[in-house]
Every structure is written in structure tokens, then in C-alpha cells.
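# the sequence and its predicted three-dimensional model are supplied below.
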Amino acid sequence: MTTLCSSGVQISAKGSLIVSNASGQTAELTVGSDGTVLIADSSQPNGLGWTTSIPFQIGNFSSSAVVRGSTSAGTATYTNQFMYVTLFAPLVIIYAQIEFNSFTGTGDLQIPLPYGVGFSQTSPAIGYGNFDAAFSGTGDDIAFLASGGNDFATIGIFGSDSTLTTQECVPEADIRLTIIYSLV
């Protein structure tokens with residue numbers, strides 16, 4: 001056993017950690033079993049615990065690769081819908097391609113985000129991508145703007161003068177994007 005100088009905590013096993021509780025008392029947290037990871041866990045006396053299940057998921061969300069309007073959701077006729085999502089909590093990484101040749105929505109063009117959890121960042125914009133629309137030219141840089149903590153991203157367009165404006169709904173478009181956001 002080794003006693004650390006000022007804490008008085010005796011370490012009895014390899015891999016042990018010194019932790020503290022809400023009262024400031026230190027204690028030994030012994031190493032977890034093989035294959036476990038250390039996570040914050042408020043149900044534990046020292047705020048940490050070992051687990052085998054870390055929130056991680058990779059999946060094809062192509063049926064979620066949709067657009068909607070902020071004023072009226074509308075409907076679209078899609079020619080390509082692809083959305084691949086990696087969740088490594090708290091980060092969500094999305095790659096998507098959404099193409100449609102008719103759309104009836106009105107207002108700002110929006111893309112719902114998986115997991116039903118909004119994000120609060122408003123500046124700088126999150127994500128990046130490429131947006132080709134029937135009347136907006138081609139190859140415009142796009143950004144994604146948070147709106148009221150809802151579970152969607154509003155598409156913004158960077159102008160040649162570096163201004164950022166929201167994109168109104170368009171009758172047809174090819175959107176290729178990557179979005180990274182946090183669940184917290």
C-alpha cells in the first residue's frame with residue numbers, strides 16, 4: 001500500500017484513482033473490469049463509475065434525410081436521400097445528401113436532426129456543406145443555424161461578402177452536408 005502525502009488515501013491496487021465526494025473527502029476508486037470505461041455518474045458517491053456501455057451508435061438514417069419549411073412544412077419529391085449518423089455522446093456527426101425536384105414548403109429551409117435534441121449555438125454557425133438550388137446559383141457555401149433549441153437546423157447561405165442569410169425554401173435542390181453538434 002502507498003499513502004499519498006496530504007490526502008491520507010491508501011492505494012491498494014494498480015489502476016486505482018483518487019476521487020473526491022461532494023464533501024471534499026478523498027477516497028480510492030479501484031480500477032474497473034477489463035473492457036469498462038470511466039464515466040461521470042451522479043448516482044455514485046464520488047461522481048464516477050465504470051460501465052461497459054458508452055453511448056455510441058453508427059447508423060443509416062436515410063429515411064430522416066428530409067427538408068421542411070419553417071412556415072409550412074410542405075412535402076418534397078426526393079430523388080436522393082442519404083443520411084449517415086455517428087453518435088459518440090455527446091457529439092453527433094451527420095453526413096447527408098438530400099436531393100429533391102419538387103417541394104411545397106414555405107419559409108426558411110430546414111433539416112430535422114436525429115435524436116430529437118436541439119442545440120443552442122447561434123454563432124458561429126455549425127456545420128458546413130454545399131448547396132445547389134435552382135435559382136441561387138451553384139456551389140454556395142452553407143451553414144446551419146440553431147433556432148430556439150428545436151430539433152432542426154436552418155440552412156444559411158454565405159454570400160460573396162461573407163454575410164450569412166437564411167435560405168428560403170426552393171422548388172428543387174441538391175444539398176450535401178456535414179453537421180457536427182453536441183447533445184449538451
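Perfect, I can see it now. All values reported here derive from a predicted model rather than from experimental measurement.
# just the mean pLDDT for stretch 96-108, thanks.
For stretch 96-108, mean pLDDT rounds to 91.
# residues touching it, excluding its own?
Stretch 96-108 is contacted by residues 65-84, 111, 154-155, 166-179 when judged by C-beta atoms under 8 Å, 6 or more residues apart in numbering. Heads up, the C-betas are built off the backbone N, CA and C, glycines and all.
# buried ones among these?
By neighbour count, with 16 or more other C-beta atoms under 10 Å, these hold 65-70, 73-74, 76, 78, 81, 83, 111, 154-155, 166-170, 172-177, 179 as buried.
# go through the residues you listed and flag which are in strands.
Members of the buried ones among the contacts of stretch 96-108 lying in strands (criterion: DSSP state E): 68-69, 76, 78, 81, 83, 111, 154-155, 166, 173-177, 179.
# closest to residue 9 among the residues you listed?
residue 179 (44.3 Å; C-beta to C-beta).
# hang on, the closest one packs against residue 153?
Yes: using C-beta atoms under 8 Å, residue 179 and residue 153 qualify as a contacting pair, with a distance of 6.1 Å.
# dump stretch 31-48 to PDB, restricted to CA.
Written as PDB, here are the backbone C-alpha positions of stretch 31-48 (Å, rounded to 0.1, in the frame of the first residue of the first chain):
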ATOM      1  CA  VAL A  31      -9.900   0.100 -11.500                       C
ATOM      2  CA  GLY A  32     -12.900  -1.300 -13.400                       C
ATOM      3  CA  SER A  33     -13.100  -4.600 -15.000                       C
ATOM      4  CA  ASP A  34     -11.400  -5.200 -18.400                       C
ATOM      5  CA  GLY A  35     -13.400  -3.500 -21.200                       C
ATOM      6  CA  THR A  36     -15.100  -0.900 -18.900                       C
ATOM      7  CA  VAL A  37     -14.700   2.800 -19.300                       C
ATOM      8  CA  LEU A  38     -14.900   5.500 -16.600                       C
ATOM      9  CA  ILE A  39     -17.900   7.900 -16.900                       C
ATOM     10  CA  ALA A  40     -19.400  10.700 -14.800                       C
ATOM     11  CA  ASP A  41     -22.200   9.100 -12.800                       C
ATOM     12  CA  SER A  42     -24.000  11.300 -10.300                       C
ATOM     13  CA  SER A  43     -25.600   8.300  -8.700                       C
ATOM     14  CA  GLN A  44     -22.200   7.200  -7.400                       C
ATOM     15  CA  PRO A  45     -21.000   8.600  -4.100                       C
ATOM     16  CA  ASN A  46     -17.800  10.000  -5.700                       C
ATOM     17  CA  GLY A  47     -19.400  11.100  -9.000                       C
ATOM     18  CA  LEU A  48     -17.600   8.500 -11.200                       C
END
